[in-house]
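[1] sequence and predicted structure, then a few things I'm wondering about:
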Amino acid sequence: MALAAKMGWTLLSSQNLWTQVSYHKYIWPQNILDWARLPTWSSKGCSSVWKALVHALPLIRDNLAWRINDGLTGRIGLDPWINSGGKHTLNPDLITHLQSRDIRHFTHIADQQHNDIFSQAWKSAQQLDLPPQWYQDWQLFIMALSESHIRIKQGLDELVWCPADHGIYAPKYGYKALISHRIPDPIHPWWNTIWKRKAPPRSRLFFWCALKGIVPTGDYLTRRSIYGPSWCIFCKDASESTEHIFLLCPTIHTLWTNIRNQLGIAENWTGNDLSDAWEAWTHSHPGSKLLNLPLVALWYTWLARNRAVFEDQPVTWSRVEATIIAAYHELPDPPPSRPRNIQPMPNIDRATLWAFFDGAANQTGCGGGFVLHINDHHRYLAKMGLGIGSNNYAELFAIRNLLHFALSHHLTDINIFGDSMVVIN
């Protein structure tokens, strides 16, 4: 859409052979800016390029404004100017009244006699001889003009696209504007767990597609108006869907039972849907090589399905099972987990303030920090880089800064905890 909107911007802001042909083919005799302001456009029977332009044009239209120079193009009460903030609109009856008197553009309401060196003067409601019911509306309108520091001067009015600093639309600015209003996708618990696996990259990507429901199974292709065989090639007893061929199909149940027996696994591959099955599997095998098994199994099941559909090869399940188990055994074992030096949590008297300090160092530098707890819901945290130094240097600076902070806030009764006996002693 951001790319298609570039064509809309070109159509509105430049004159070349393409814009002239497009204008006379699709817009004429209507004014091009009037056409762009319409809330809907018809693109029936038009080219796919023009349909894309029309679909993306609201991105341009909703962010258009005028940089007022001579004031001969922007229309009073209809067209926004830069930083107008929605204050550019007027009552339709008032606009009609002004247009009947040929007062249409900003230059028509400029009061050149009362200008000063600092600001542009605008004609009041009395100067324009407006009916009294519109005095307040007009006063607010010219106040908005004055607040925007608009001044009539030489040069043509310029159409600008407001989100861009230079006023010229570019697809990257349109993309940013679109995603700023986009509702984010829901966060699924399986997103990060897939990419950390050691299975082949293609199986990881395929598994991610399966969990998102975008594998080209029969139901997915039908939703995209691509019609073809839609029955499960494995059991030939149900319509083909991602959930069916990877989770619910009786032949898949048999395949997984045989794999479990071969590998000595107690847990089964089951769940309400693929996401539920994967979440249960990750909870059953945390940090295990077995986390790679569903990724490999679904990938080789899909390859067998494709051979059956496109090459008319019968599915030999013993071969599929052997391929999955062999591919699984070829995967590297996870590295042994290193024991973590976790100190037991001390017993803390929460009637008194308590704090923790720590420091660390390596060849490139050192740093330290502290956390001062006022209560279970209120704490101060500080961390700092200390340049080149030893671990003891970092620990000493951390507690030094903690003590300075506490004394500067008149906090003198604190239980302090740390893991450096050199500093504590």
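    In hand now; what should we look at?
[2] isn't residue 314 right up against residue 320?
    No: applying Cβ atoms under 8 Å, one finds residue 314 not in contact with residue 320, separated by 11.3 Å. (Glycine included, C-beta is placed from N, CA and C.)
[3] so which of those two has more stuff around it?
    residue 320 (21 against 9; other Cβ atoms under 10 Å).
[4] now stretch 164-182: buried residues?
    Buried residues in stretch 164-182, defined by neighbour count with 16 or more other Cβ atoms under 10 Å: 164, 167, 169-170, 173-174, 177.
[5] remind me which helix or strand residue 373 belongs to.
    Using DSSP states H and E, the element containing residue 373 is strand 365-375.
[6] what's the following helix or strand after that strand?
    Criterion used, DSSP H and E; the element after strand 365-375 is strand 378-385.
[7] paired strands for that next one, with orientation please.
    Strand pairing for strand 378-385, determined by DSSP bridges: strand 365-375 (antiparallel).
[8] quick check: buried residues in the partner strand?
    In strand 365-375, counting by 16+ other Cβ under 10 Å, buried: 366-373.
[9] please identify which of those is nearest to residue 347.
    Distances from residue 347 to those, taken as Cβ to Cβ, are shortest for residue 373 (14.2 Å).
[10] show the contacting residues for the residue nearest to the closest one when sequence neighbours are not counted.
    Nearest residue to residue 373, sequence neighbours excluded (Cβ to Cβ, 6 or more residues apart in numbering): residue 379, at 4.7 Å. Taking Cβ atoms under 8 Å, 6 or more residues apart in numbering as the criterion, residue 379 is in contact with 371-373.
[11] against residue 59, how distant is residue 14?
    18 Å (Cβ to Cβ, to the nearest Å).
[12] likewise for residue 104?
    27 Å.
[13] pLDDT weak spots in the stretch 1-150 of the chain?
    Residues of the stretch 1-150 of the chain that meet the criterion pLDDT under 70 lie in 39-40.
[14] now do 90
    Applying pLDDT under 90 to the stretch 1-150 of the chain flags residues 8-16, 18-19, 22-150.
[15] what segments of it are helices?
    2-13, 17-22, 32-37, 48-61, 92-100, 135-147 (DSSP state H, counting those that start in this stretch).
[16] just these: most buried one?
    helix 2-13 (a mean of 20; mean count of other Cβ atoms under 10 Å).
[17] convert the C-alpha atoms of that one to PDB, please.
    Written as PDB, here are the backbone C-alpha positions of helix 2-13 (Å, rounded to 0.1, in the frame of the first residue of the first chain):
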ATOM      1  CA  ALA A   2       2.900   2.400   0.800                       C
ATOM      2  CA  LEU A   3       4.300   1.700  -2.700                       C
ATOM      3  CA  ALA A   4       0.900   2.200  -4.400                       C
ATOM      4  CA  ALA A   5       0.400   5.400  -2.500                       C
ATOM      5  CA  LYS A   6       3.500   6.700  -4.200                       C
ATOM      6  CA  MET A   7       1.600   6.600  -7.500                       C
ATOM      7  CA  GLY A   8      -1.200   8.600  -5.900                       C
ATOM      8  CA  TRP A   9       1.200  11.200  -4.700                       C
ATOM      9  CA  THR A  10       2.800  11.500  -8.200                       C
ATOM     10  CA  LEU A  11      -0.700  11.900  -9.700                       C
ATOM     11  CA  LEU A  12      -1.500  14.800  -7.400                       C
ATOM     12  CA  SER A  13       1.800  16.600  -7.200                       C
END
